[in-house]
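Participant: just the structure for this:
(chains A, B, C and D)
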2 protein chains.
Amino acid sequence: MVTIKDVAKRAGVGIATISRVINNTGSVKPATKVRVQKIIDEMGYQPNDIARQMLKQKSNIVAFVQPNNTHFFFSELLYEIEKLLYEDNVKVMVCNSSEELEKEIEFINMLQLNRVDALILLTNNEIQDKVKPGMPIVSFDRRFDGIPFVASDNYSGGIMAADELYKNGCRNMLFIGDDAQGEHSNIQTEVSKRRIGFVDRCKELRVNEVLTYEYPLGDYLISPNRVKQIIKDNPQTDGIFAISDAVALAVIKELEKNGKKVPEDVKVIGFDGGRSFLNLGKRISSIGQSPKLIGKAIRDAVIKQINNQKVNDIILPVYFSKGETV
Amino acid sequence: MVTIKDVAKRAGVGIATISRVINNTGSVKPATKVRVQKIIDEMGYQPNDIARQMLKQKSNIVAFVQPNNTHFFFSELLYEIEKLLYEDNVKVMVCNSSEELEKEIEFINMLQLNRVDALILLTNNEIQDKVKPGMPIVSFDRRFDGIPFVASDNYSGGIMAADELYKNGCRNMLFIGDDAQGEHSNIQTEVSKRRIGFVDRCKELRVNEVLTYEYPLGDYLISPNRVKQIIKDNPQTDGIFAISDAVALAVIKELEKNGKKVPEDVKVIGFDGGRSFLNLGKRISSIGQSPKLIGKAIRDAVIKQINNQKVNDIILPVYFSKGETV
DNA sequence: TTGTAGGCGTTATCAA
DNA sequence: TTGATAACGCCTACAA
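Facilitator: From the prediction side, this is the model:
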């Protein structure tokens, strides 16, 4: 490896001069500058980033901690964030937790180790006591004391879903989602507001009934058997709001397998925007959230955290994306 | 930040002793060890990783350079690799090139900067002169002089596709893929072997004709208009092999929109394994490649590179995944 | 305009 | 069994 010393020796100047040239700081005699630059180019010298990190005690790396990078929405979000942070010369480290608490803790610990400057955290686990106020963390879709967070307006999304179904004639509503957002769970993510908004609005609309089904966490894709049973138990249901597009998909498939037509007999709305489908069938109707907006908000929050500036929580708008299942 | 010096001072010993305790190296009197450990715990001391990197001149980070992390197969691959490298205490940095040459060059330059120890490279650009032999790079699906590479057995995949279509009665074959793999392109990726294997086999099978259509690179999803034209121009076609599942999807949709039934009138096979579809329609038939196998091969190659060991090129088997489009 | 030297937080070598 | 010290490569006062 060629170091700043090597260049200095060859150029017959002190290392400070080399430093001044590569960083374009201080004052250097133009002639010297040119000569040094030429030698730098000849030798192919590039300053060692680790040494710079050492000095600043900053890695210029941010960890993106998520359950699984193959979930399409996370991929979209990661894509936007990486693109934005590239402009800030901040790199993104992917960290898949597989929902495992221990892995999450290890990833968070990278902050103490100075391995990363900040953390973008997507988790469903109960780790409030691991994320101490003041840590350079941005949480998505989940509130922790003292940690800035970014989320979609899930509550409005729930309302929107109820309105759309109602507008299209549904009167027997059903919500289906996972237990992390359950009424009885002690974990309360922002995502639970999808259900709450939906139920609140259904009540206002005075629909005949509103059922909520919740399944154990970890089952990202609800099991077909469970769905089948729900359908069987509730033959009168004509409008379903699913907590995600993936769940909506499972529900629609099972409905059709059991002789119900979508949207004729039952209308279904998912959540995320219906983009996750390289799809040969009908397009799913969905409450959409924008990776671009969210990515921008997270990027801004991360940069502010790194610069020790105050960060405010941010809630971003959602929209209805009409497909063919309503 | 609490440093090794702070601990040493508090413990009334030299920093070397603290170092020995945290690394469990050298010899330390048991009593001292216990006492020091207690102080470490009390102070919440954790060794600064940047300082360690400084000393070893190693970051324990690998860059995963890809066109776009929302492509499902890349996501799957990244997932496997991250999981494996986690066990080696090596982190993965996501780098989206968006197929831009300049970004790829910048990412490759992170090796010189010591920002990453190695690079996993997925590219369609002509950058042979940027990846010099000996650089700690592992290339996927693309050969570069002096750079170890990993790929699926694309040629066999092409043969498999031809065989499956033939077996199911197709006699008028068509291949559709992008130009990076084109006969006339000067860029030759391993992926082009899908077409070559397909065409070779079709000739052996003496089918009536084999057409190959190729569209400009960058169009990951071929445009519907182009597909429509191809279909219109070739009404006799009864078997199509698409270079990817995404392209197969576009083709099938357009076929059905134009009154052709799949698989009754035309059979279609894609490439990647048909897993990328959270799908409401028929499952796509596809030549599959295994992210697990490929991930393992890449991880091994990366670790060997970091340890300056010789790495051999690796070709991994593909398989036929039957869906409902053949 | 330039060079010298100190320091960032470790680990490793060498004496004691 | 220990501690002082010299790296690792860079930036930045401070002095010249």
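
Participant: drop to CA atoms for contacts and neighbour counts, all remaining ones
Facilitator: OK.

Participant: quick one: A:V65 and A:L119 touch, right?
Facilitator: Yes. Assessed by CA atoms under 8 Å, A:V65 is found in contact with A:L119 at 7.1 Å.

Participant: quick one, helices of the stretch 101-250 of chain A?
Facilitator: Ranges of helices in the stretch 101-250 of chain A, per DSSP state H, counting those that start in this stretch, are A:101-109, A:154-167, A:192-204, A:224-233, A:245-257.

Participant: out of those, which gets the lowest mean score?
Facilitator: Mean pLDDT is lowest for helix A:224-233 among those, at a mean of 83.

Participant: packing partners of that one?
Facilitator: helix A:245-257 (3 or more CA pairs under 8 Å, 6 or more residues apart in numbering or on different chains; DSSP states H and E).

Participant: which residues of the stretch 1-150 of chain A lie near DNA strand D?
Facilitator: The stretch 1-150 of chain A comes close to DNA strand D at residues A:1, A:3-5, A:15-17, A:19-20, A:22-23, A:46-49, A:51-52, A:54-55, as judged by CA under 7 Å from any atom of the strand.

Participant: from A:R195, how far out is the residue lying closest to A:S223 once chain neighbours are set aside?
Facilitator: Once flanking residues are discounted, A:S223 sits nearest to A:A250: 7.9 Å by CA to CA, 6 or more residues apart in numbering or on different chains. Relative to A:R195, A:A250 is positioned 18 Å away (CA to CA, to the nearest Å).

Participant: okay, now A:P47: neighbour count?
Facilitator: Counted with other CA atoms under 10 Å in any protein chain shown, the neighbours of A:P47 add up to 16.

Participant: wait, it sits on B:M110?
Facilitator: No. Look at A:P47 against B:M110 with CA under 8 Å: they stay out of range, at 10.9 Å.

Participant: on that earlier part again, just the ones of the residues of the stretch 1-150 of chain A next to DNA strand D in strands?
Facilitator: Using DSSP state E, no member of those sits in strands.

Participant: contacting residues around A:A63?
Facilitator: Residues in contact with A:A63 (CA atoms under 8 Å, 6 or more residues apart in numbering or on different chains) are A:V92, A:M93, A:V94, A:C95, A:F107, A:V116, A:A118, A:L119, A:I120.

Participant: tell me the mean pLDDT for the helix or strand hosting it?
Facilitator: Using DSSP states H and E, A:A63 sits in strand A:61-66. Regarding strand A:61-66, the rounded mean pLDDT is 98.

Participant: quick one, the next helix or strand after it and helix B:101-112 angle?
Facilitator: Past strand A:61-66, further along toward the C-terminus, the next helix or strand under DSSP H and E is helix A:72-87. Here helix A:72-87 runs at an angle of 80 degrees relative to helix B:101-112 (axes from the mean of the first three to the mean of the last three CA atoms, to 10 degrees).

Participant: quick check, the next helix or strand after helix A:72-87 touching chain B?
Facilitator: The C-terminal neighbour of helix A:72-87 among helices and strands, as given by DSSP H and E, is strand A:91-96. Yes. Part of strand A:91-96 sits near chain B under the criterion CA under 8 Å from any CA of the partner chain, namely A:K91, A:V92, A:M93, A:V94, A:C95, A:N96.

Participant: select only the buried ones of these in ChimeraX?
Facilitator: Selection of buried members from the residues of strand A:91-96 next to chain B for ChimeraX, criterion 16 or more other CA atoms under 10 Å in any protein chain shown:
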select /A:91,92,93,94,95,96
